[in-house]
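S.K.: Please find the sequence and the predicted model below.
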Amino acid sequence: MKHLLRLTPWLLLALFVAELVFAMLPRPEPTFHLRAFGRLPVLLNGRVQPFDSVGRNGLLQIRDTASVPLEEKKAYQFWKHPKKLKATEWLLEVMMKPETADTRPIFLIHHPELLSELKLEEKGVEKSGLRYYTFNEISAVTAVIQEQGRQAGQLEAQQRNAFQRQALKLANAVMLYDRLKNSLQPADAQDFAKELAEFERVLPAGMAAFNAREAGQSFDPTALQAMLLPLRRFQRMAEMAYPLIVPPLDPAAARDQWSNAGAALMETAHASQVHPALKWFATMATAFHQNRPDEFNRAVDEYTQWLRPKLGQEVGKGRAEFFHNQVLAFKRAMITYLFAFVLAGAGLLSLTVWPAFAESMRRSALFLVSFALLVHTAALVFRMVLEGRPPVTNLYSSAIFIGWGCVVLGVILERIYRVGIGVAVAAITGFITLIIAHNLALGGDTMEMMRAVLDSNFWLTVHVLTITIGYSTAFLAGFLGIVYILLGVLTPLLTRRLSPQGAAALSTATGVSMSPPLPTDAGQIELGKALTKMVYGILCFAMLFSFVGTVTGGIWADQSWGRFWGWDPKENGALIIVLWIAAILHARWGGVIRERGLMGMAIFGNVVTSYSWFGVNMLGIGLHSYGFMDAAFKWLMLFVVSQLFFIALGCVPTQYWRSFRPTLPPQAPSPTPPLGDQPTGASVGN
């Protein structure tokens, strides 16, 4: 058993590493080379990205998922892995085989009033209380959807109710779907390669007829009509197409002058020749529509070979971002953090019952959190390289970075206090912040270009990094406060002491040479006092970084906006964090609060920090309102309620805390009472 407990951390680490390596290995594609197509670069939202990102972000906006399930399974059937339509293949269907894409359940509608208004109650696929609909099922009511969306769009975001928000979201989803269908070829095209070849054939005669008509000369109306008919269809593509998929012919002159397929086809009339990229795309479309994988793969390879010498940097960026999308590093880190938290919790609960098992679980959790942190860090740096920006450029990236900071601090705490508390807090904060980031990603592209007002300079970079580290440390202190209260109320661990002899016995049982896990006091170790020292030290750290971040933000604002301070809601929120932490420290120094008071105020710091982080953005006012997202209001309120619950739990009198219940020392057996004496009941501590 001892050897098994010693090997457990390494076995679990090997399991998670092997799963990541397997995810990074290339997959054979016996038919269509979907991965090669998914890597091809396009220009969208002001940045170069692969087709895979276009499909992934489009699905997130329409369906709130990055893939489309092709099979259903029950919630309890965890062993089943139903087939899914991944983002690239779904995008190919939308652009090249729309009649099939129209049968996929991708439109999410769950508001009962909206379902009633659209008369869709008896249609769709239900999953976990949500209903998904195909385009064929909603096509008859698209006019109603657009009208409802138009009415909702006329209102300010803060004034919309749940019905109007979903109506607007559905209208935008239908519009996005229609734009994607017209991004590579006309939505009703059956053989685009043939249509494009025919257009190229009639183009010279058509242009001659057009020029003759403009000059007032006789012209061939048949030739002109043969050219104008396809041009009218291409005009709709130019108006509707979503990504810019046609690269510039001369990148040296204008590297960022990409165009959409419709605009490039309209330009063909003036250039008298079809752009080479359009011919390859037309070949891909026809081959995919007619299920000819060899022809599709050849067109993808030829286009890639043509593109690489001209736009090698863009091709490389497309491949890199595709790799980032496929590995899903943040999702894997999130799952690993959750698993590590379970192990750390098991170790804490068994600390005084089974020390060898507790140490094995603690080390397993530390190994997994360290591995997840490595993945988290690599993905964070990868995003920075892809964007060419600091780690924080929007709310999504701030959640990623704040979680990273919390985990780093938690691991440092665990290296100092080796009892599992630091690793448990690191794991749960890493998991929660990545969950928040996942929900923030549902709005679409998370690598969007930074807004002009946030364009990089030195003070912006310093401000963003320091203020987000301040957020991280404030959250970490609050979560340690929650750990203190839960351990104190629910377990006897908070006041348990471990002597040096006990630490030596633990080292012998596990085969690990340990330094004392906590600072000793007269040969004894107490968790409650150690947690107090942790929270106090972290709050000092949070005070420093929050103050520096607020000041450097004012310096940046002075350079960018011409004033150091403008009482903007975001600025006020940052100042409130500094003032709240200062109040905690002064209350502690003055003896106004002790351990429980410190923990309660630290937990309320989570409320203050979450409000300053993105709660003020929901006001929709001020120079920082670019991050507005009303969908998060419900979750913010639930988080606030949960923190108030923990504070209320911490106010419960200590006689009801398991860690502070008095215990009786063992007593020697009482002598038999003299005859005539009545036995008295034993005194039991409450």
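M.R.: Alright, I've got the coordinates. Residues are numbered from 1 along each chain as shown.
S.K.: what's around Lys83, how many residues?
M.R.: Residues within reach of Lys83, counting by other C-beta atoms under 10 Å, total 9. Using the backbone N, CA and C atoms, a C-beta is placed for each residue, glycine as well.
S.K.: Can you verify my assumption that it contacts Glu71?
M.R.: Yes - the criterion here is C-beta atoms under 8 Å, and Lys83 meets it with Glu71 at 5.3 Å.
S.K.: how close does Trp280 sit to Lys97?
M.R.: For Trp280, the distance to Lys97 (C-beta to C-beta, to the nearest Å) stands at 18 Å.
S.K.: Show me which of the two is the more surrounded one.
M.R.: Trp280 (21 against 15).
S.K.: Which of the helices and strands in the protein ranks last by mean pLDDT?
M.R.: Lowest on mean pLDDT, DSSP states H and E among the helices and strands of the chain sits helix 500-510, with a mean of 42.
S.K.: any idea of the mean pLDDT for stretch 154-163?
M.R.: Across stretch 154-163, pLDDT averages out at 81.
S.K.: Between its first and last residues, how far does it reach?
M.R.: From its first residue to its last, stretch 154-163 covers 14 Å (C-alpha to C-alpha, to the nearest Å).
S.K.: Repeat that for stretch 269-283.
M.R.: Termini of stretch 269-283 sit 20 Å apart (C-alpha to C-alpha).
S.K.: Now do that stretch: everything it contacts.
M.R.: For stretch 269-283, the surrounding residues in contact (C-beta atoms under 8 Å, 6 or more residues apart in numbering) are 184-185, 192-193, 195-196, 199-200, 203-204, 206-207, 227, 231, 245-247, 249, 261, 264-265, 267-268, 295-296, 299-300, 302-303, 306-307.
S.K.: Among those residues, which ones are in helices?
M.R.: The helices, defined by DSSP state H, take in 192-193, 195-196, 199-200, 203-204, 206-207, 227, 231, 261, 264-265, 267-268, 295-296, 299-300, 302-303, 306-307 from the contacts of stretch 269-283.
S.K.: residues contacting the nearest residue to Ala399 once chain neighbours are set aside?
M.R.: Nearest in space to Ala399, with sequence neighbours left out and distances taken as C-beta to C-beta, 6 or more residues apart in numbering, is Ala437 at 3.9 Å. Counting by C-beta under 8 Å, 6+ apart, Ala437 touches Phe330, Tyr396, Ala399, Ile400, Gly403.
S.K.: most surrounded residue in those?
M.R.: Neighbour counts for those, by other C-beta under 10 Å, peak at Gly403, which reaches 29 neighbours.
S.K.: Hmm, that one is touching Ile428, no?
M.R.: No - assessed by C-beta under 8 Å, Gly403 is found out of contact with Ile428, at 10.4 Å.
S.K.: Name the helix or strand for the residue nearest to Ala399, please.
M.R.: Assigned by DSSP states H and E, Ala437 falls within helix 421-440.
S.K.: Could you do Val42 as well?
M.R.: In the assignment (DSSP H and E), Val42 maps to strand 41-44.
S.K.: Against which helices or strands is whichever helix or strand comes after the least confident helix or strand of the chain packed?
M.R.: Using DSSP H and E, the helix or strand that follows helix 500-510 in sequence is helix 527-561. In this structure, helix 527-561 makes packing contacts with helix 395-416, helix 421-440, helix 458-490, helix 569-589, helix 595-610, judged by 3 or more C-beta pairs under 8 Å, 6 or more residues apart in numbering; DSSP states H and E.
S.K.: can you put the ones you listed in CSV and add distance to Leu25 and mean pLDDT?
M.R.: Output for the helices and strands packed on helix 527-561, formatted as CSV (distance: least, C-beta to C-beta, whole Å; pLDDT from 0 to 100):
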stretch, distance to Leu25, mean pLDDT
helix 395-416, 25, 86
helix 421-440, 24, 88
helix 458-490, 34, 86
helix 569-589, 44, 89
helix 595-610, 39, 93
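S.K.: out of these, nearest to Phe32?
M.R.: helix 421-440 (29.2 Å; C-beta to C-beta).
S.K.: If you count neighbours, what's buried in that closest one?
M.R.: If you call a residue buried by 16 or more other C-beta atoms under 10 Å, then helix 421-440 has these buried ones: 421-437, 439-440.
S.K.: Same check on stretch 203-218?
M.R.: For stretch 203-218, burial by neighbour count (16+ other C-beta under 10 Å) applies to Leu203, Ala205, Gly206, Met207, Ala209, Phe210.
S.K.: tell me which of the residues you listed is nearest to Trp10?
M.R.: Set against Trp10, the nearest of the buried residues of stretch 203-218 by C-beta to C-beta is Leu203 (67.7 Å).
S.K.: Excluding sequence neighbours, find me the nearest residue to the closest one.
M.R.: Nearest residue to Leu203, sequence neighbours excluded (C-beta to C-beta, 6+ apart): Met227, at 6.1 Å.
S.K.: For Ile145, give its distance to Arg27.
M.R.: Distance, Ile145 to Arg27, using C-beta to C-beta: 38 Å.
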